[in-house]
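*Asks:* sequence first, then the predicted structure:
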Amino acid sequence: MQIQTNTAALYVQRRLGEVSSGLATSLQRLSSGLRVNSARDDAAGLAISQRMLTQVNGYSQAQRNLNDGVSMLSTAEGAMGNVTDILQRVRELAVQAANGTNSTSDRQALQSEVDELLLNIDDIGRRSAFNGVQLFSQSRTSIGGDAEQRGVLDSLEDWLGASVERIATWYGLRGNGADIQVNLQDPGSAGGVLASVSWSTVDANGKALDLNLNIDMADFTPLNLPNGGSSPIYNDRIIAHEMVHALMANSMNVTSGGIPNWFMEGSAEFIHGGDERVSGDLSNIAGIRAALASDSVAASEGYSAGYLAMRFIEKNFDGGVKAVMTRLAAGDTMNQAIATASGGTYANTAALVTAVDGALAQVAGAGSTTAQKAQLVGLFNVNLDNTDTGAIGGQDASGRAALTAASVIADSGNFAGFKLVLPTVAGDPGSNTFMLHGGAETGQTQQLTLGALNIGALGIAGVDLVNGAFAGIRAVDRALNYVSAGRAKVGAQLSGVEASISRLSMASENSTAARGRIIDADFAAETGILARQQILQNAAQAMLAQANTLPRLALSLLG
């Protein structure tokens, strides 16, 4: 027996300390709900859980970032919706202005409302912001591209439509569905020809397969709607002239069918009237006769000769020029067409030319200018002293309403019979880019873009309902398409952002659950451990009391 050293008590004390420490750990875990409260609990688990906490916190903030992006896109989409409503109203006004019952003052009133609406569009594009950040690009580069080129192309659609309708009505010629490519020539390199039609291949019947309408931009700008150019030879008349060439090339054999130059150019002049040209060449009747005889169109007199020949045909043939055109389109040669259309009066082209030259000789022999003009009226139905241009279907040629230089080609029409291929001149107004940080790590970004939303970028800054209602409709249609495409893109971006938010939410949930499996306390296990530790502690305390009494047994030996 020992008195100095109570080994049993020391052992019990050690075990009691261990039990107390374990009890304290259980109480700590149960009170905090965490299995890992300090690094000594699980050093590796703590490190892993902290990395996971970083991820969870990053996911949470990324979701807030993306929700801000949703709010920004919703703000932008609302602004674009307002602009769409305004554009619909502008288009409605343009359609109203295009109606022929409106006077100039009516159209000016409509233009006043349009001007105010356009200012509102600019205001929306400039003021739309989110958290002080401007949403839309302020670039004013037009979606229509170069203003002059766009103006020519828009006007061409009207002029071409009016031209083919007029040619179909008075010449009976219609396109067979072939492509007609419009080429805009650089003003610095153009050859001085206002417009021309060309082709390189023909089918087995000599009909052109590929057509090109070449426009000299130097002569077509400034546009001066609705007719273009300047009086009296407006640009729309030039286009009608060239479309006669296009339809003839597409409908008949102009290469080997014996069709003379005077007929080609005279037909083109007659569709819009050539009285102004004849007035200029009247002092040189000899030159007109020489050009007719040589079939030369190298100078203005050649065009006048052809035009007067067509007026002669219209006056003296049953069915007029249309009868000749119909036979040529059916496959006749020029000689056959003249013989048939004239009912045998003229056996061939040469006979017709002789008759026209004889009439011109009478004009030349009339002496004074007044007498010559009188002869032109009697022999060709050409009146150079009124406002009618002399176009087929007008007052002088057809006994109908006068067709002036401004009215001879209508402001619009249905372009049928050809597939119009226009060059691409669209511009890019650019966009504002916003980078959303949509992840817990660096570089996990999502890009959002918003285009421009002002009248310059939308290509409607020059909408003029007084002089160009049809061009205004086209411009607004382009703007509507652009804004609608932009809204669709915003919708797609919204869907993408919301999908990212859903993904982040799921990732955050999974990461939180994984972290919980590492650091969260298992209450069922910990309560069992607590009960065991409490029992052991009570037992250890009781045994310590017993161990502390053992030295007293040594005293019994002394008694």
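*Replies:* Received, thanks.
*Asks:* okay, CA-based contacts and neighbour counts for the rest of this
*Replies:* Fine.
*Asks:* surely residue 213 meets residue 193?
*Replies:* No. With contact defined as Cα atoms under 8 Å, residue 213 does not reach residue 193; the gap is 11.7 Å.
*Asks:* tell me which of those two has more neighbours.
*Replies:* residue 213 (21 against 12; other Cα atoms under 10 Å).
*Asks:* how close does the more buried one get to residue 241?
*Replies:* Distance, residue 213 to residue 241, using Cα to Cα, to the nearest Å: 11 Å.
*Asks:* give me the number of residues near the closest residue to residue 452 other than its chain neighbours?
*Replies:* Nearest non-adjacent residue to residue 452, counting by Cα to Cα, 6 or more residues apart in numbering: residue 137, 4.3 Å away. By the criterion of other Cα under 10 Å, residue 137 has 20 neighbours.
*Asks:* mind listing what residue 137 touches?
*Replies:* Neighbouring residues of residue 137 by Cα atoms under 8 Å, 6 or more residues apart in numbering: 429, 430, 431, 432, 450, 451, 452, 453.
*Asks:* ok, now with 7 Å
*Replies:* 430, 431, 432, 450, 451, 452 (Cα atoms under 7 Å, 6 or more residues apart in numbering).
*Asks:* next: residue 308.
*Replies:* Neighbours of residue 308 in contact, by Cα under 7 Å, 6+ apart: residue 380.
*Asks:* after the strand or helix carrying it, which helix or strand is next?
*Replies:* Element membership for residue 308 (DSSP states H and E) is helix 300-316. Next along the chain after helix 300-316, taking DSSP H and E as the criterion, comes helix 320-329.
*Asks:* hey, where'd the helices end up in the stretch 1-150 of the chain?
*Replies:* 7-32, 43-97, 104-127, 147-171 (DSSP state H, counting those that start in this stretch).
*Asks:* could you pull up the mean pLDDT of the third one?
*Replies:* Across helix 104-127, the average pLDDT comes to 96.
*Asks:* equivalent analysis for the second one, please.
*Replies:* In this model, helix 43-97 carries a mean pLDDT of 93.
*Asks:* same thing with the last one?
*Replies:* Average pLDDT, helix 147-171: 92.
*Asks:* just want the angle from it to helix 320-329.
*Replies:* 90 degrees (axes from the mean of the first three to the mean of the last three Cα atoms, to 10 degrees).
*Asks:* which outside residues touch helix 147-171?
*Replies:* With Cα under 7 Å, 6+ apart, helix 147-171 has contacts from 144, 173-174, 221-223, 236, 239-240, 243-244, 271, 321-322, 325, 392, 409-415, 471.
*Asks:* and that helix, what's buried?
*Replies:* 147, 149-168, 170-171 (16 or more other Cα atoms under 10 Å).
*Asks:* related to what we said a few turns ago, pick the most buried one from the helices of the stretch 1-150 of the chain.
*Replies:* helix 147-171 (a mean of 22; mean count of other Cα atoms under 10 Å).
*Asks:* all strands for the stretch 351-500 of the chain, in order.
*Replies:* 418-421, 431-437, 445-451 (DSSP state E, counting those that start in this stretch).
*Asks:* and those: which comes nearest residue 316?
*Replies:* strand 418-421 (32.2 Å; Cα to Cα).
*Asks:* residue 3 - nearest residue in space that isn't next to it in sequence?
*Replies:* Using Cα to Cα, 6+ apart, the closest residue to residue 3 is residue 551 (5.0 Å).
*Asks:* tell me the domain boundaries of this protein?
*Replies:* Domain segmentation of the chain under automatic domain parsing yields 1-33+522-559, 52-144+426-508, 147-421.
*Asks:* okay, how far is it across the last one, tip to tip?
*Replies:* Think domain 147-421. 19 Å.
*Asks:* kindly report the same for the second one.
*Replies:* Terminal residues of domain 52-144+426-508 are spaced 9 Å apart (Cα to Cα).
*Asks:* checking residue 214 next. Helix, strand or coil?
*Replies:* strand (DSSP: H, G, I helix; E, B strand; the rest coil).
*Asks:* what is it paired to in the beta sheet?
*Replies:* On the basis of DSSP bridges, residue 214 is bridged to residue 183, residue 196.
*Asks:* I'd say it and residue 181 touch.
*Replies:* No. Counting by Cα atoms under 7 Å, residue 214 does not reach residue 181; the two are 8.3 Å apart.
*Asks:* flag the shaky bits of the stretch 151-300 of the chain, pLDDT-wise.
*Replies:* Scanning the stretch 151-300 of the chain for pLDDT under 70 picks out 187-192.
*Asks:* from residue 285, how far out is residue 356?
*Replies:* Counting by Cα to Cα - residue 356 and residue 285 are separated by 12 Å.
*Asks:* between those two, which has more neighbouring residues?
*Replies:* It is residue 356, of residue 356 and residue 285, that has more neighbours when counted by other Cα under 10 Å, with 23 against 20.
*Asks:* for the more buried one, list the residues it contacts.
*Replies:* 309, 312.
*Asks:* now do residue 108
*Replies:* Going by Cα under 7 Å, 6+ apart, residue 108 touches residue 466.
*Asks:* report how many residues lie close to residue 2.
*Replies:* By other Cα under 10 Å, neighbour count at residue 2 equals 11.
*Asks:* tally of neighbours for the closest residue to it other than its chain neighbours?
*Replies:* Computed as Cα to Cα, 6+ apart, the closest residue to residue 2 that is not its neighbour in sequence is residue 551, at 6.6 Å. Applying other Cα under 10 Å, we find 15 residues neighbouring residue 551.
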